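Asks: Have a look; sequence and predicted model below, questions after that.
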Amino acid sequence: QLQLVESGGGPVQAGGSLRLSCAASGHNYGRYLMAWFRQAPGTEREGVAVTDNIRATRNADSVKGRFTISRNNAKKTLYLQMDGLKPQDTAMYYCAASTRFTLSVNDVNCWGQGTQITGST
């Protein structure tokens, strides 16, 4: 099983950009489907984007055209490039290893500890 550590969170103004990273340790990273989720206070955790091990990606409708998920298997690192940030993007962002190419929390078998994004107007 992988161990996942996110970084890159912080405050950001509306319209700004930020890139999150998720460093993985463990074996066979390249075989895992990897995803980003987020959770705002008082809401359920939701899927943001997922990528397989051949660079196919899927984004949630709320972030299409603004967020880009990518991975570097040699570095065992997952990324989330976030552009055009909005106040409603404020949340704790989690890196995850998933068993399926979906945005469902039910398919996740490994979570990182999260990194906070705080947007402002």
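Replies: Nice, thanks for sending it over. Numbers count the residues shown, from 1 in each chain.
Asks: before we move on, what SS does the residue sitting nearest the centre point of the chain have?
Replies: Centroid-nearest residue in the chain: W36, 2.2 Å away (criterion: Cα atoms, centre = their mean). Per DSSP: H, G, I helix; E, B strand; the rest coil, the local secondary structure of W36 is strand.
Asks: Just give the nearest non-adjacent residue to it, would you?
Replies: Using Cβ to Cβ, 6 or more residues apart in numbering and skipping the chain neighbours, the partner closest in space to W36 is V48 (4.3 Å). Yep, even glycine has a C-beta here, placed from its N, CA and C like the rest.
Asks: pretty sure Q3 contacts H27?
Replies: No. Contact criterion Cβ atoms under 8 Å: Q3 and H27 do not qualify, at 10.9 Å.
Asks: So those two - more neighbours on which side?
Replies: Neighbours per residue (other Cβ atoms under 10 Å) separate Q3 from H27, with Q3 holding more: 12 against 8.
Asks: all strands of this structure, in order?
Replies: Applying DSSP state E to the chain gives strands spanning 3-7, 10-13, 18-25, 33-39, 46-51, 57-59, 67-72, 77-82, 91-98, 108-111, 115-120.
Asks: got TSV for those, with mean pLDDT too?
Replies: Converted to TSV, the strands of the chain look like this (pLDDT from 0 to 100):
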stretch	mean pLDDT
strand 3-7	97
strand 10-13	91
strand 18-25	97
strand 33-39	97
strand 46-51	97
strand 57-59	94
strand 67-72	96
strand 77-82	97
strand 91-98	97
strand 108-111	95
strand 115-120	88
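Asks: what separates the residue nearest to W36 from G26, distance-wise?
Replies: With distances taken as Cβ to Cβ, to the nearest Å, V48 is found 22 Å from G26.
Asks: Alright, that wraps it up for me.
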